[in-house]
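**Student:** Pasting the sequence and the predicted model now:
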Amino acid sequence: MKVLRSLAQWRDTRKALTGTVGFVPTMGALHAGHASLLQRSVAENDVTVASIYVNPTQFNDPDDLAAYPSLPAADLEMCDSLGVDHVLIPAREDMYPDDYRYRVEETELSRELCGAHRPGHFTGVLTVVMKLLNLVRPGRAYFGAKDFQQCLLIRRMTEAFFMDVEIVACETVREDDGLALSSRNALLTDDSRKLASRLNPLLRSPDSDRAVAEELERLGFAVDYIVSRFGRRLAAVSVPGRRGTVRLIDNVELGENGSVNRLGSVRSSASD
């Protein structure tokens, strides 16, 4: 496995790659959810590239950025053990030589749900994802469906800009008690971890969105939203953590008779 920290070095490496290329962009602190994306890419492509970059432009709260977990040695060990071929770890000055003057902005969905509570978040996400897709030029890019709104925005961005890449959204990996795996889970205290386990069962209940939100608040969650859209019930909540609050997101499918509404994958191509 090659680790590349220079974009010039990466560009030379990319020119030499042949066959299909799969890409998994991450912010590090990798867990079993990331592992499932990497494994799928390795299984479906000739070459798998992962990136590790904590993108500062998607954090509207400096304290949240400072608290984001970092486990670089463990991240590289996981990538190597799963058969990843290349890991790109760029520096901020390489990713934003323009000091973030040029941005990718979506004007509707990005301002709702998580976007309403995290101003500028999705502009940072879309900007860095477009930069990474342009650098890696994969045939397929893999994202976790836990960030359902993010997946929709990235997919629609690739369609809007005629980008020849298949966005593959993979279903959420969970703990035995239903808690969605997240790098932020490492910031939970023992008590807040127990509380967090109540989120997913309540999302799956037959109660209304409002009733679920009220029950979560009664239990001690701070609720940003519980909303049923896109064939799913989506949630964003916060609980006390080791350093301030920890924001958790999740979603569950709302298919008829227990059927699953999956995000799946789609290819957007300039030639289509």
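**Tutor:** Noted; the coordinates are in hand.
**Student:** give me the number of residues near residue 206?
**Tutor:** Using other Cβ atoms under 10 Å, residue 206 is surrounded by 6 other residues. C-betas here are computed from N, CA, C, even on glycine.
**Student:** sorry, that was for residue 239
**Tutor:** 24.
**Student:** got the contact list for it?
**Tutor:** 188, 192, 195, 196, 220, 221, 222, 245, 246, 248 (Cβ atoms under 8 Å, 6 or more residues apart in numbering).
**Student:** ok, what's across the strand from it?
**Tutor:** For residue 239, the beta-bridge partners are residue 246 (DSSP bridges).
**Student:** Distance of residue 145 relative to residue 36?
**Tutor:** Remark: distance between residue 145 and residue 36 (Cβ to Cβ, to the nearest Å) = 11 Å.
**Student:** who touches both of these two?
**Tutor:** residue 170.
**Student:** what's the longest helix in this protein?
**Tutor:** In the chain, assigned by DSSP state H, the helix with the most residues is helix 121-136.
**Student:** Can you tell me what sits against the very next helix or strand once past that helix?
**Tutor:** Per DSSP states H and E, helix 121-136 leads on to strand 140-144 as the next helix or strand towards the C-terminus. Identification of contacts with strand 140-144 by Cβ under 8 Å, 6+ apart yields 20-25, 33-34, 37-38, 40-41, 44-45, 133, 150-151, 154, 165-170, 172-173, 265.
**Student:** Buried residues, stretch 164-179. List them.
**Tutor:** 165, 166, 167, 168, 169, 170, 172, 173, 178, 179 (16 or more other Cβ atoms under 10 Å).
**Student:** of all the residues you listed, which two lie farthest apart?
**Tutor:** Maximum pairwise distance among the buried residues of stretch 164-179 (Cβ to Cβ): 31.7 Å, between 165 and 178.
**Student:** hang on, the earlier thing: sort out for me which of the contacts of strand 140-144 are in strands.
**Tutor:** 21, 22, 23, 24, 25, 165, 166, 167, 168, 169, 170, 265 (DSSP state E).
**Student:** Reformat these as CSV; add distance to residue 129.
**Tutor:** Converted to CSV, the ones in strands among the contacts of strand 140-144 look like this (distance: Cβ to Cβ, whole Å):
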residue, distance to residue 129
21, 16
22, 15
23, 10
24, 12
25, 7
165, 10
166, 14
167, 10
168, 14
169, 13
170, 16
265, 16
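**Student:** Out of these, flag the one nearest to residue 235.
**Tutor:** residue 169 (17.6 Å).
**Student:** so what's the closest one bridging to?
**Tutor:** residue 143.
**Student:** tell me the pLDDT at it?
**Tutor:** Per-residue pLDDT puts residue 169 at 96.
**Student:** pretty sure it is touching residue 149, no?
**Tutor:** No. Using Cβ atoms under 8 Å, residue 169 is not in contact with residue 149; the gap is 11.5 Å.
**Student:** Now the buried members of the contacts of residue 239.
**Tutor:** Using 16+ other Cβ under 10 Å, the buried members of these are 188, 192, 195, 196, 221, 245, 246, 248.
**Student:** Next step: the residues you listed restricted to strands.
**Tutor:** In this view, the buried ones among the contacts of residue 239 that belong to strands under DSSP E are 245, 246, 248.
**Student:** What sits closest to the first one if chain neighbours are left out?
**Tutor:** In space, not counting the residues next to it along the chain, residue 245 is nearest to residue 238; the distance is 4.4 Å by Cβ to Cβ, 6 or more residues apart in numbering.
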